[in-house]
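[1] fold the following and give me the result.
(one chain, ligands or ions: 3)
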Amino acid sequence: MGQKGREIVKMNVDELINLLNKALSDEWLAYYQYWIGAKVVRGPMKDAVIAELTLHATEELAHAELVSTRIIQLGGTPVLSPEEWLKLTNCGYEPPFNHYVEEILNQNIKGEQCAINVYNSMLNITREGDPVTYNMALGILAQEVEHEEDLQALREDLELMLLKSK
Ligand code: FE
Ligand code: FE
Ligand code: MG
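    Numbering: from 1, shown residues only. Ligands and ions are numbered 1, 2, ... in the order given. Take a look at the predicted model:
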């Protein structure tokens, strides 16, 4: 734990660590949802969808890296057990029982919209009291916004393609 780094945080650090552990749980679940989605997805445009899901999985893992590093800087302990992920998560986990491309895209779009809310609210909470966490949340938020748009664009392409083939 960095002493001065923690001193300059002008907010309740324990509450902040708790919020960060909730976000960390979301990131691991998002990582796996993308990763397993890329394995099982079936249907038109499968290859383009697999490429995007796989890339997003690695980006969610990078978010987990950033969030856990921040927890440690604040003197906290990153969530230690996968069992905790489902208890702490804001966004939950939806198993891709239905392997069809559009269903998997829809599930992940929902997840991204939840992630956008999580980091947007983290920005509001840290704006005055913790510029370092604020800066981290801003970077992650920008990427979640990109993820949502990538998936919605894929869904639109899919709809246009299916329309044309009728
Ligand atoms: Fe993420
Ligand atoms: Fe994302
Ligand atoms: Mg992308």
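[2] for M1, give me the pLDDT.
    You'll see M1 listed with a pLDDT of 63.
[3] from this protein, which residue is nearest to ligand 1?
    H63 (3.7 Å; Cβ to the ion). (Each C-beta comes from the backbone N, C-alpha and C, glycine too.)
[4] show me what contacts the residue nearest to the spatial centre of the chain?
    With distances taken as Cα atoms, centre = their mean, the residue of the chain nearest its centroid is E27 (4.5 Å). The contact partners of E27, by Cβ atoms under 8 Å, 6 or more residues apart in numbering, come to E60, L61, H63, A64, V67.
[5] state the distance from the closest residue to the residue of the chain closest to ligand 1 other than its chain neighbours to F97.
    Leaving out its chain neighbours, the residue that sits closest to H63 by Cβ to Cβ, 6 or more residues apart in numbering is E27, at 4.6 Å. As defined by Cβ to Cβ, to the nearest Å, E27 lies at a distance of 22 Å from F97.
[6] repeat for I125
    The value you get for I125 to F97, if Cβ to Cβ is used, is 35 Å.
[7] the two: who's more crowded?
    When neighbours are counted by other Cβ atoms under 10 Å, I125 and F97 differ, and I125 comes out ahead with 18 against 8.
[8] much appreciated, bye for now.
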